[in-house]
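Chemist: the following block contains a protein sequence and its predicted model.
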Amino acid sequence: MLTNPGLRRLELAWGGFYVGDWAFVVALSVYAYRHGGALAVGVVGLVRMLPSAFAVPFTSVLTDRFSRHRLLTAVHAARALTLAVGAVLIASGGPPAAVYATGSIAALAATPFRPTHWALLPTLARTPRELVAANVSSSTLESIATVLGPLLGGLLLAIWSPAGAFVLAAVLFSGSAILAARVDEEGTRPRRREHILRDTFAGFRTLAADRDPRLLVGLFVAQTFVRGLLNVLIVVTALELLDLGGSGVGFLNAAFGIGGLIGAFWVLKLVSRRTLAYPFAGGLILWGTPIALIGVWPHEWVALVALALAGGGNTLLDVAGLTLIQRIVDDAVLGRVFGVLETGSYAAVGLGAIVAPGLVALAGIRGALVASGLILPVLALLSWRRLGQINHRVVIPERELALLRRLAIFAPLPPATVERLAMNLIPIHRPGGETVCRTGEIGDRFYVVGAGELDVAVDHAPPRRLKAGDVFGEIALLRDVPRTATVTTLTDVDLYGLDRDTFVSAVTGSSASSAAADALIEIRLG
């Protein structure tokens with residue numbers, strides 16, 4: 001991955017974003033606690049996340065409509081400007097409500113960030129292994145940021161004030177904007193623009209029609225609800241249960257990040273795995289169980305170790321789950337599906353933040369930790385069977401994948417897209433002397449010849465012979481016209497079919513692939 005300049009810059013921008021984000025969040029949480037206690041921390045979490053949850057379906061449309069690296073550049077620049085304003089407000093003794101507002105605006109500006117990053121990765125990765133490695137890198141850098149960000153934020157709180165952490169975040173976001181601006185999206189182009197509302201809810205429609213990504217997104221949202229609970233519980237645990245002071249909030253968050261960083265080295269083993277659903281379930285269990293242990297044994301070293309374990313679970317969860325979604329969902333709507341994930345995540349984090357104070361009041365700090373920690377392991381066990389079915393779905397047929405990679409029309413596509421096409425191929429057997437498609441029919445499939453021979457008849461021209469590795473059916477699909485030829489089997493043949501929507505979406509999503517298809521069509525029509 002280090003040899004891929006686009007991925008390298010994208011990952012560094014991702015890391016810079018999260019170092020700044022964690023420093024800012026720790027500073028804002030302590031600032032809120034000092035001005036209103038645990039309830040203020042929860043309210044600030046809700047105010048930051050709830051508007052963003054409503055905005056994500058609309059902002060994620062931008063991911064599939066415009067250049068993704070330019071959108072990321074704009075996100076980083078907007079965050080830098082907003083937090084610079086927040087630093088000035090804190091340093092000048094401005095009203096807390098105005099400071100909280102800058103936090104909410106910064107969260108709102110970031111709503112396209114994660115969907116755009118995740119959707120951009122498969123287009124930059126050159127091999128399937130590089131895609132998994134890129135996801136590992138993203139999770140690793142996020143874990144490093146979870147260490148550095150809170151530590152730097154805690155340090156600046158100790159020697160200066162929350163304003164210092166805001167300044168640091170603004171500088172880091174500016175650097176990320178410069179890096180994102182230098183990412184090259186070679187071979188990709190903006191999608192066809194439809195009605196804004198139809199575009200906005202495409203991600204929801206995709207999940208409504210396909211239960212597998214729906215389950216993965218649902219479990220991710222549950223994890224972020226627990227994250228929202230933990231955001232408040234860490235502050236209360238550090239300041240009240242363990243009496244660690246304001247810097248203890250940073251240290252506990254840093255322990256989470258250290259665990260994620262350590263876990264990333266083990267998660268590298270996933271690069272060669274095709275079946276990732278069970279590691280995803282393991283990440284859910286490892287994420288939640290240690291939180292419950294803090295409630296059972298409320299000691300400083302237990303909290304540090306438990307949060308480190310949860311951080312390792314977070315890395316495992318992210319790498320396995322995000323790679324599964326990238327492999328299953330069509331790139332044409334991938335950004336918007338990740339937008340749905342972000343919508344649910346923002347809402348869940350905000351809901352968790354506002355539920356946490358009530359849970360503490362009802363069950364005490366220890367009881368709240370135990371209850372919060374049990375949510376994800378229970379959901380993982382309930383979903384175990386369905387996750388096993390997802391494992392079977394994402395097993396990639398290597399023979400068919402190799403066949404597609406040899407075709408000029410698919411060669412320019414990102415590896416993740418070709419993998420998805422291979423998984424969607426429909427095997428078809430036809431005996432000799434049978435007509436596969438006829439001139440004038442409505443085209444509904446693109447065909448690849450796996451074995452055997454066929455004749456292609458166009459009007460009164462001499463028949464053209466097709467053999468293994470040849471393709472047909474693309475003209476009717478890409479030009480939206482009836483079939484232009486009659487194709488008949490000469491021998492028993494093995495074909496692979498791709499339905500219209502899957503084929504058209506893949507080819508038209510890449511300028512190079514579309515150009516190869518146009519060249520093939522020109523030759524045949526000529």
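Modeler: Yep, that arrived.

Chemist: and the strands in this structure?
Modeler: Counting by DSSP state E, the chain has strands at residues 426-430, 435-437, 445-451, 454-457, 464-466, 471-472, 486-489, 493-499.

Chemist: center of the chain, which residue is that?
Modeler: For the chain, the residue sitting closest to the mean C-alpha position, by C-alpha atoms, centre = their mean, is Trp118 at 4.0 Å.

Chemist: my read: Arg114 touches Phe338, true?
Modeler: Yes: using C-beta atoms under 8 Å, Arg114 is in contact with Phe338, at 6.7 Å. No exception for glycine: its C-beta is placed from N, CA and C like everyone else's.

Chemist: who has more neighbours, the two?
Modeler: Using other C-beta atoms under 10 Å, the more surrounded residue of Arg114 and Phe338 is Phe338, with 29 against 22.

Chemist: ok, that one - contacts?
Modeler: 60, 63, 114-115, 118-119, 203, 325 (C-beta atoms under 8 Å, 6 or more residues apart in numbering).

Chemist: so which of those residues belong to helices?
Modeler: If you go by DSSP state H, those have 63, 114-115, 118-119, 203, 325 in helices.

Chemist: and those residues, which is closest to Gly295?
Modeler: Arg114 (29.9 Å; C-beta to C-beta).

Chemist: which non-adjacent residue is nearest that closest one?
Modeler: Distances taken as C-beta to C-beta, 6 or more residues apart in numbering place Glu342 nearest to Arg114, at 5.7 Å, with adjacent residues excluded.

Chemist: hang on, isn't that neighbour packed against Thr116?
Modeler: No: using C-beta under 8 Å as the test, Glu342 is too far from Thr116 to be in contact (10.1 Å).

Chemist: show me which positions of stretch 458-475 end up buried.
Modeler: Residues of stretch 458-475 classed as buried: 466, 471-475 (neighbour count, 16 or more other C-beta atoms under 10 Å).

Chemist: you'd agree Leu341 is up against Leu219?
Modeler: No: in this structure, Leu341 is not within contact of Leu219 by C-beta under 8 Å, at 10.3 Å.

Chemist: among these two, which residue is more densely surrounded?
Modeler: Leu341 (27 against 22).

Chemist: once you drop chain neighbours, what's closest to that one?
Modeler: Val217 (4.9 Å).

Chemist: how close does the one you found get to Thr343?
Modeler: Applying C-beta to C-beta, to the nearest Å, one obtains 10 Å for the distance of Val217 from Thr343.

Chemist: and for Arg366?
Modeler: Taking C-beta to C-beta, one finds Arg366 at 32 Å from Thr343.

Chemist: swap in Gly312?
Modeler: Relative to Thr343, Gly312 is positioned 27 Å away (C-beta to C-beta).

Chemist: and what of Leu155?
Modeler: 34 Å.

Chemist: more neighbours: these two, which one.
Modeler: Thr343 (25 against 16).

Chemist: show the contacting residues for the spatially closest residue to that one that is not a sequence neighbour.
Modeler: Excluding the flanking residues, the one nearest Thr343 by C-beta to C-beta, 6+ apart is Val56, at 4.1 Å. With contact set as C-beta under 8 Å, 6+ apart, Val56 has these partners: 111-112, 115, 339-340, 342-343, 346.
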